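*Asks:* A structural model of the following input is requested.
(one chain, ligands or ions: 2)
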Amino acid sequence: MESSVAELDRNALVRIRKKANLAVLEETIEKSGDPERMRVEVEKTTRAYDIGQRTGLFRVPEVLDYDEHRGVAVFEKLSHLVSIRQGLMFGSRCPSVAKRTARALAAVHDLLELPEEMSVPLPKELADGGNAVFLHGDFSFNNVFMDTRSDELVILDWQMTKLHGGAATYGTRCFDVAWFLNNLFNRYLHHCLFGNSAVEIAQLFLRAYAEVARAEFDMAQYQDYVAQFLVITNRRRQQWPISQRVLSAAFNYFWKRHLSSLRH
Ligand SMILES: Nc1ncnc2c1ncn2[C@@H]1O[C@H](COP(=O)(O)OP(=O)(O)O)[C@@H](O)[C@H]1O
Ligand SMILES: [Mg+2]
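*Replies:* Numbers count the residues shown, from 1 in each chain. Ligands and ions are numbered 1, 2, ... in the order given. As a prediction, the model looks like this:
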C-alpha cells in the first residue's frame with residue numbers, strides 16, 4: 001500500500017441519498033429499473049465482481065438476487081465508503097489513488113466480456129475512437145469509491161449513464177476515460193480553491209491508464225476523441241441556466257490544459 005488510509009476524511013463517509021429506484025436495507029441494497037436494463041446491469045456487475053476478485057484491483061458488490069419480472073436486483077451493501085473525490089482532490093494520497101483508479105479501469109476494459117446479445121454500441125456521435133471494449137458506462141465520482149476500512153477501491157452502478165441514452169455497453173475505451181476526466185473537471189472550483197490540481201490528477205490518471213493499456217490506447221486517437229466529446233458536451237451545456245454556463249469557460253480551460261499536458 002503506497003499511503004495510509006487514515007488520511008481519508010471519515011466525515012465524508014457517503015450517506016446514500018434517497019431515490020425512488022433504490023431501497024436501502026440493513027445489509028442489502030435493492031435497485032429497480034427497466035427489467036431489460038437491469039438484466040444487463042446484473043450481468044455486468046456479476047462479471048465485474050469476478051474481475052475485481054481475480055485481479056485484486058477493486059471491489060464490486062455481490063449480486064444476491066435478481067427478479068427479472070419486476071426488474072429488481074438485490075446487491076450486497078458495502079459500507080464505510082467515501083467518494084473517490086476525497087482520495088483524488090485532497091492530500092498526498094492523490095497520486096496513488098489516481099493510479100489505482102486508472103489501473104482498475106484498464107483491467108475492466110481488458111477483461112470485461114458480455115454475451116453477444118448484450119452488446120449495445122455507443123450512440124453514433126460518441127462511437128469513433130479506436131478499438132472497442134465493454135465499458136463501465138458511468139465511471140464517475142458518483143460511482144467510484146474508497147472503502148475507508150479496507151482501503152479498497154469500490155466500483156458501483158454498472159449501467160451506461162442516462163445522459164448518453166442508458167443502454168450502450170460496448171464501444172471505444174476513450175468514452176470511459178473521457179467521461180471520468182469530464183467529471184473531474186466539472187468539480188473545478190474545489191480544485192482551484194482547496195485541493196490538488198485537476199490537470200495533474202488527470203495526467204497521472206491518463207499516464208497510468210496508458211501504461212497498462214499499451215498498444216490498445218492511442219494517445220493521438222484519444223485527443224481526437226476528446227475534441228469530438230467536447231463538442232457534444234458543450235452543446236448540452238448551452239441548455240444550462242446562464243449562471244452555470246459561466247462555469248463552462250473554466251471547464252474548457254481545464255480540458256485544454258489537460259490536452260496540452262499530454263504533448264510534453
Ligand atoms: N451495493 C451498494 N453498497 C453501498 N452503497 C450503494 C450500493 N449501491 C448503491 N449504493 C449507493 O447508492 C447510490 C446510487 O446507486 P447507483 O447504483 O449508483 O444508482 P443510480 O443508477 O441511480 O446512480 C450510490 O451512489 C451509492 O451511494
Ligand atoms: Mg450512480
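*Asks:* From ligand 2, how far off is Phe175?
*Replies:* Distance of Phe175 to ligand 2, given as CB to the ion, to the nearest Å: 17 Å. Using the backbone N, CA and C atoms, a C-beta is placed for each residue, glycine as well.
*Asks:* State the pLDDT value of the closest residue to ligand 2 within the stretch 51-200 of the chain.
*Replies:* Nearest residue of the stretch 51-200 of the chain to ligand 2: Asp157, at 3.7 Å (CB to the ion). For Asp157, the model assigns a pLDDT of 98.
*Asks:* can you give me the helices for this protein?
*Replies:* 35-55, 84-89, 94-111, 174-186, 188-193, 198-213, 219-237, 242-261 (DSSP state H).
*Asks:* which of these sits most buried?
*Replies:* helix 84-89 (a mean of 25; mean count of other CB atoms under 10 Å).
*Asks:* CA atoms of that one as CSV?
*Replies:* Provided in CSV are the C-alpha atoms of helix 84-89 (Å, rounded to 0.1, in the frame of the first residue of the first chain):
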residue,chain,number,x,y,z
ILE,A,84,-13.1,8.8,-5.0
ARG,A,85,-13.3,12.6,-5.0
GLN,A,86,-11.8,12.6,-1.5
GLY,A,87,-8.9,10.5,-2.4
LEU,A,88,-8.1,12.5,-5.5
MET,A,89,-8.7,16.0,-4.6
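*Asks:* Helix or strand with the lowest mean pLDDT in the protein?
*Replies:* One helix or strand of the chain scores below all others by mean pLDDT, DSSP states H and E: helix 188-193, with a mean of 62.
*Asks:* Starting from ligand 1, give me the distance back to the nearest residue to the residue of the stretch 51-200 of the chain closest to ligand 2 once chain neighbours are set aside.
*Replies:* In space, and not counting its chain neighbours, Asp157 is closest to Asn143: 4.1 Å by CB to CB, 6 or more residues apart in numbering. Using CB to the nearest ligand atom, to the nearest Å, Asn143 is found at 5 Å from ligand 1.
*Asks:* Now do Asn143: how many residues are near it, please.
*Replies:* When neighbours are counted by other CB atoms under 10 Å, Asn143 registers 20.
*Asks:* just checking, it touches Leu156?
*Replies:* Yes: counting by CB atoms under 8 Å, Asn143 touches Leu156, with 5.0 Å between them.
*Asks:* possible to save the helices of the chain as TSV with distance to ligand 1?
*Replies:* Converted to TSV, those look like this (distance: least, CB to the nearest ligand atom, whole Å):
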stretch	distance to ligand 1
helix 35-55	8
helix 84-89	11
helix 94-111	16
helix 174-186	13
helix 188-193	18
helix 198-213	20
helix 219-237	18
helix 242-261	21
